[in-house]
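Chemist: pasting a predicted model and its sequence here:
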Amino acid sequence: MNTKFSVKSIIYSIVIICLSILIPYFISSISDNMRPQEDGKAIISIFSGGIIIFYFVFIEFRLKLVRIKINGDIIQIRKYAGLAKTKEYKLSNFDDHKITYMVSGIGKFEDLLLKKDNKKVIVISEFHIGNYKDLKANIKRKKLIWELKNMIF
């Protein structure tokens, strides 16, 4: 089973990229006639654009925009919207899972956290993954089958 990005996630990514480009431009265009005593506006524009890019790349893009592929007991994850190297985990190695909720102005979205050694390893977000409910059901079913096998043998 492969994941698909949701339309909301694609639109969100485009908006963030545009904002990270436009905010510094707008701030610098406001201060077109900069005098030496107004050099702080250029620094503020670079800083604000940098914060937006940093947040998007290192928080959203790395943790939540992920490609996931499930083959049997193996979960393959590629971070950075599928651009990073593939990491493989055995579903049976995860100790626990936790469901959290992200509430925003456009709705309430669920996140599935897969934990190993009490640390979150994989975050699967309903907002970013189009087929989240199928993926969640598949993971829970495979985890249950693995637990039943261990109880029997």
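Modeler: That came through, no problem. Numbering: from 1, shown residues only.

Chemist: number of nearby residues for the nearest residue to G82 once chain neighbours are set aside?
Modeler: Nearest non-adjacent residue to G82, counting by CB to CB, 6 or more residues apart in numbering: R67, 3.7 Å away. All C-beta atoms are positioned from the backbone trio N, CA, C, and that covers glycine. Number of residues near R67 (other CB atoms under 10 Å) recorded here: 19.

Chemist: which residue ranges of this structure form helices?
Modeler: Along the chain, counting by DSSP state H, helices occupy 7-30, 40-55, 79-82, 132-152.

Chemist: looking at those, spot the one closest to R62.
Modeler: helix 79-82 (5.3 Å; CB to CB).

Chemist: send the alpha carbons of that closest one over as PDB?
Modeler: C-alpha atoms of helix 79-82 as PDB (Å, rounded to 0.1, in the frame of the first residue of the first chain):
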ATOM      1  CA  LYS A  79      10.800  11.900   4.300                       C
ATOM      2  CA  TYR A  80      10.900  15.300   2.600                       C
ATOM      3  CA  ALA A  81       7.900  14.500   0.400                       C
ATOM      4  CA  GLY A  82       9.600  11.300  -0.900                       C
END
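
Chemist: that older thread, tell me which of the helices of the chain is the most buried.
Modeler: Highest mean neighbour count among the helices of the chain (mean count of other CB atoms under 10 Å): helix 79-82, with a mean of 16.

Chemist: just how off-centre is it within its chain?
Modeler: Chain-centre distance of helix 79-82: 8 Å, with CA atoms, centre = their mean, to the nearest Å.

Chemist: re earlier: can I get the helices of the chain in a markdown table including mean pLDDT and distance to K98?
Modeler: As requested, the helices of the chain are exported to a markdown table (pLDDT from 0 to 100; distance: least, CB to CB, whole Å):
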| stretch | mean pLDDT | distance to K98 |
| --- | --- | --- |
| helix 7-30 | 76 | 21 |
| helix 40-55 | 74 | 23 |
| helix 79-82 | 78 | 19 |
| helix 132-152 | 77 | 12 |
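
Chemist: to D73, which of the ones you listed lies closest?
Modeler: Here helix 132-152 is closest among those (CB to CB), at 6.4 Å.

Chemist: thought F94 was touching L113?
Modeler: No. Counting by CB atoms under 8 Å, F94 sits too far from L113 to count as a contact (9.9 Å).
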